[in-house]
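Participant: Here is a sequence together with a model predicted from it:
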Amino acid sequence: MNGYQSLSESLPFQSIHTWILLILCLPFFGFLVLRFFGKKLPQGGQWIAFGFMAASFLSALILIYEGWQQEIGEEIHLRMVWFNISGPDHPIHFTLGLRADPSAMVMCALVAGISTLVLLFSQEYMKKEAHLDRYWAYLCLFVLAMQAIILADNLILIFVGWELVGLASYFLIGFFYTQEKPARAAQKAFLINRIGDTFFLMGMAILFSLTQTLDLSALWGLLTKGEIQGDLFVITYNYLSVPTDYPIMDSENIFVRELPLIWLQLAGLFIIGGALGKSAQFPLQTWLPDAMAGPTPVSSLIHAATMVAAGVYLVSRIYFFLFSWVQVTLAIIGAVTALMAAIAALTQWDIKRILAYSTISQLGYLMMGMGVGVYDDAMMHLITHAFFKCGLFLVAAVIIHQLHHLSSQPQEGIPPYNDIRNMGGLWKEQPILFRLFMFMMLALAGIPFTSGFVSKEGIIMGTIDWAERLQGGSWLIPAMALIGVGLTAYYMGRMTMWVFISERRNNVPKQKIHWKMAVPLFVMALGSFWFPIFWNPFENYGYVSQAFSLPIQLFQVPPLPGIGHHHLIWTILSVSLAVGGLGMAYWHFNGKKSKPSRHPLQTLSFHHFYQDFLYEHILAKGILVFATMWKWIDQYIIDGAVKLVAMITHNQDVPSDSSFEPQPTADRDALPSGLSLARLAEWIDVDIFDRLVNYLVRGIQYAGSYVSSTQSGNIQRYFIGIILSAAVIVLIASLLV
Amino acid sequence: MDLPYFLVLGVVLFAVGIALVLTRRNIIMALMGVELMLNAANINFVAFAQYDLQKLDGQMATLFVMVLAAAEIAVALAIVLNVYKRFRTVRLDKLENSYHDLA
């Protein structure tokens, strides 16, 4: 972000840019090929999709390999001028560009890698479904859009990718569009995301009106030149530091711009609002559990590993101009979401909903981490979470796939093959699956020697450091984070007990896991250990974490020296909470029979604090009542006023206490003598104007009846008339000129 | 880029649009023709905008036309929907008879 170049010129193309373009273009070609020719290909062209995705993954790896050899400070940035418009006092340049900084490169490889594996997994999982070409095509579209978000160098392009992932997510949630539930879930996800996107758009508009650019490096270049003066943010710069994209305010080539601070803060807050929608944070998180109606591999790729992390990634991109109170808001929202979702996950019976609430909860941790300023740990947790949560969903997919022909009655609207009450005993049946599951489960619970432990520990330590700095009520955040750790371990323990350890509750014969399903599972389980990602199982340090060095924040007080050391006591507390949660779950559910949850608190948790209910019955109903009220006001008060005026002016009855009798209005001579002017006016009105009007009307009637004979009702004949008349007009005009 | 290419493309699109509107019996297809004609006009706007790089009025006009077209098609489709609800058909020749029945 250091070298800020003028936006008026494109940046030169270098050979390394080929790989960036390939990362984006390969999924796009895949999408085009599959959308247009997929129907004719065997299995909807699954190997074509896989091939394009694997090639895209390969390009991402090559990009990392080459990018790591670049000199520090030199960046991989491809940019072209899109168009220019003249602003009020200087030209405004719109550019399109792709920038691969280390964090983008890591994210690219993560997204491409996980989608390649999930595509492989889907080949077996979706084998019997119809219209598979759509499935592969939209997965390709999704990856393209996701990579666009990751690589984009300006907010406009990020927004384009942002909407495209929403679209792909809509198509994939609603892949079984003939059933009602997925179709509704897709709509809900789409609409709730629109709320967040509206905020994103407003934030961009505010930012653009302040700085006349949405290019992230240009914003960085501009905002680093400023300082806070009262409630203004004053940017002072000269020709040397910033090229002539900005107006000259002073004859000595010193430019000064004053931005109101509050709007700069609000821009950050509103853009974060967009992230809340995509990353399923309070209060917009209700779409994610419903989105589980889509195919399970889609849930694992889009709604666990990648798309929902896009919101966190967006926060990381605009991190440098967030203000402290905006970050505090983010931390509070993250903590509330993490705790609420963890509580909701305690009582779910649908295996996918448990994992969905767990995803929301972990995303809450990510946002909390961003909010308290441990940027690097939050980004690392994004990576590790992508692995183990994707893996957990894939395990769920394997189980669902095996139970798919189970024909028991659905309980509480949960399909029987998703219901953990119909599972159990897989420990003995599928020992390898059980072990893979356990590695990922322990990573989610935050047990040492897993990848999840390191990154989650970083976030929790971050909240504690932050609370030590702020004191007072801010201790609520680490407290919520720690309670969340215990709850996470407990609900994952509960799920393990129900699914794997308790006795078998179905009679589905033992099945072998196909290699296409096994390979992704092994990779994800491997990614749940500390060693592929970190060097030390207790410290966030390794190849990958180098990519996420903390960016300089412009509007933050730098952290006090001395704080940020490793708190052994807190680590022990959080680990013992996790172990305690697992132990509690084992103690609670060992040998327990299925029984419906009846306790009111359990019901509250099962329905996620009735948030959906509130939205539907309070918000939606409220809006309807509000609309009805306005309709009533429109009908009775506004229309009523008009009618009243009409009545007053129309009613010629004279009040009864006056000296003369009411007369029939037709008789003009009967009007009282004091109203001669009125009589004159009436005479003019009736005898002159009315007659004129009558003649006019009659004339128009004749003309109309004549013209209406051409109104045959044949629209196309009218259209010929329009075209011929236009031609005549053009002809006349050209003759005159 | 050379101007004539754009103009020829615009003319072709416009002609196709007119042909659609005049010959198709389906209202939806006729509306598509109208859209094509609007876009033909758009192409001309954009093509001529290259002579005005400072203000880009042509491109602005195009954006305006796009918004207008969106609004227009929303209204038109609503009308078509109501026509269909009333007459159970969206074929223009059948509608002509219905029109005379109404009158």
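Facilitator: Here it is on my side, so go on.
Participant: contacts and neighbour counts: CA atoms only from here.
Facilitator: Noted.
Participant: Off-centre distance for the helix or strand containing A:Val111?
Facilitator: Element membership for A:Val111, per DSSP states H and E: helix A:102-125. Put simply, helix A:102-125 sits 19 Å off its chain's centre (CA atoms, centre = their mean, to the nearest Å).
Participant: Point out the residues in chain B that sit beside chain A.
Facilitator: Contact residues, chain B versus chain A (CA under 8 Å from any CA of the partner chain): B:21-23, B:53-56, B:92-93, B:95-97, B:99-100.
Participant: just to revisit the earlier point, please name every helix or strand in contact with the helix holding A:Val111.
Facilitator: Under the contact criterion of 3 or more CA pairs under 8 Å, 6 or more residues apart in numbering or on different chains; DSSP states H and E, helix A:102-125 touches helix A:46-68, helix A:132-151, helix A:296-300, helix A:375-402, helix A:515-527.
Participant: Let me see the contact set for the residue nearest in space to the middle of chain A.
Facilitator: In chain A, the residue lying closest to the centroid (CA atoms, centre = their mean) is A:Lys278, at 1.9 Å. Contacts here follow CA atoms under 8 Å, 6 or more residues apart in numbering or on different chains; on that basis A:Lys278 touches A:Asn193, A:Gly196, A:Met307, A:Val308, A:Ala309, A:Ala310, A:Gly311.
Participant: What's the per-residue pLDDT of it here?
Facilitator: The model reports A:Lys278 with a pLDDT of 92.
Participant: That one and A:Gly472, how far apart?
Facilitator: According to CA to CA, to the nearest Å, A:Lys278 and A:Gly472 sit 31 Å apart.
Participant: Would you mind listing the buried residues in the top helix by length along chain B?
Facilitator: Secondary structure of chain B read by DSSP state H shows that its longest helix is helix B:57-87. Residues B:Asp57, B:Gly58, B:Gln59, B:Thr62, B:Val65, B:Met66, B:Ala69, B:Ile73, B:Val80 are the ones in helix B:57-87 that count as buried (16 or more other CA atoms under 10 Å in any protein chain shown).
Participant: between those, which is closest to A:Ala386?
Facilitator: Comparing the buried residues of helix B:57-87 against A:Ala386 with CA to CA places B:Met66 closest, at 40.4 Å.
Participant: Please name the residues that touch that closest one.
Facilitator: Contacts of B:Met66 by CA under 8 Å, 6+ apart: none found.
Participant: Pull up the gap between it and B:Ala40, please.
Facilitator: B:Met66 sits at a distance of 12 Å from B:Ala40 (criterion: CA to CA).
Participant: now swap in A:Asp690 and tell me
Facilitator: Separation of A:Asp690 from B:Ala40 (CA to CA) stands at 49 Å.
Participant: neighbour count winner among those two?
Facilitator: B:Ala40 (23 against 13; other CA atoms under 10 Å in any protein chain shown).
Participant: lowest-confidence helix or strand of chain B?
Facilitator: Across the helices and strands of chain B, mean pLDDT, DSSP states H and E gives its lowest value to helix B:92-102, namely a mean of 76.
Participant: Quick check: A:Ile85 is in a helix.
Facilitator: No. Under DSSP: H, G, I helix; E, B strand; the rest coil, A:Ile85 falls outside any helix and is assigned strand.
Participant: Confirm for me that it is in contact with B:Asp52.
Facilitator: No. The criterion here is CA atoms under 8 Å, and A:Ile85 misses it with B:Asp52 at 10.1 Å.
Participant: Compare neighbour counts for these two and give me the winner.
Facilitator: The neighbour comparison of A:Ile85 against B:Asp52 (other CA under 10 Å) goes to A:Ile85, with 15 against 11.
Participant: Could you check how far the residue in the stretch 51-200 of chain A that chain B sits nearest to is from A:Gly221?
Facilitator: With CA to the nearest CA, the shortest gap between the stretch 51-200 of chain A and chain B falls at A:Ser86, namely 5.6 Å. Applying CA to CA, the value for A:Ser86 to A:Gly221 is 21 Å.
Participant: do A:Ala341 as well
Facilitator: Separation of A:Ala341 from A:Gly221 (CA to CA): 39 Å.
Participant: More neighbours: these two, which one.
Facilitator: Set side by side, A:Ala341 and A:Gly221 show more neighbours around A:Ala341, with 30 against 18, by other CA under 10 Å.
Participant: Which helix or strand contains the more buried one?
Facilitator: helix A:324-345.
Participant: Could you do A:Val256 as well?
Facilitator: strand A:254-260.
Participant: now swap in A:Ala130 and tell me
Facilitator: Using DSSP H and E, no helix or strand contains A:Ala130.
Participant: Quick one: residues contacting it.
Facilitator: Contacts of A:Ala130 (CA under 8 Å, 6+ apart): none.
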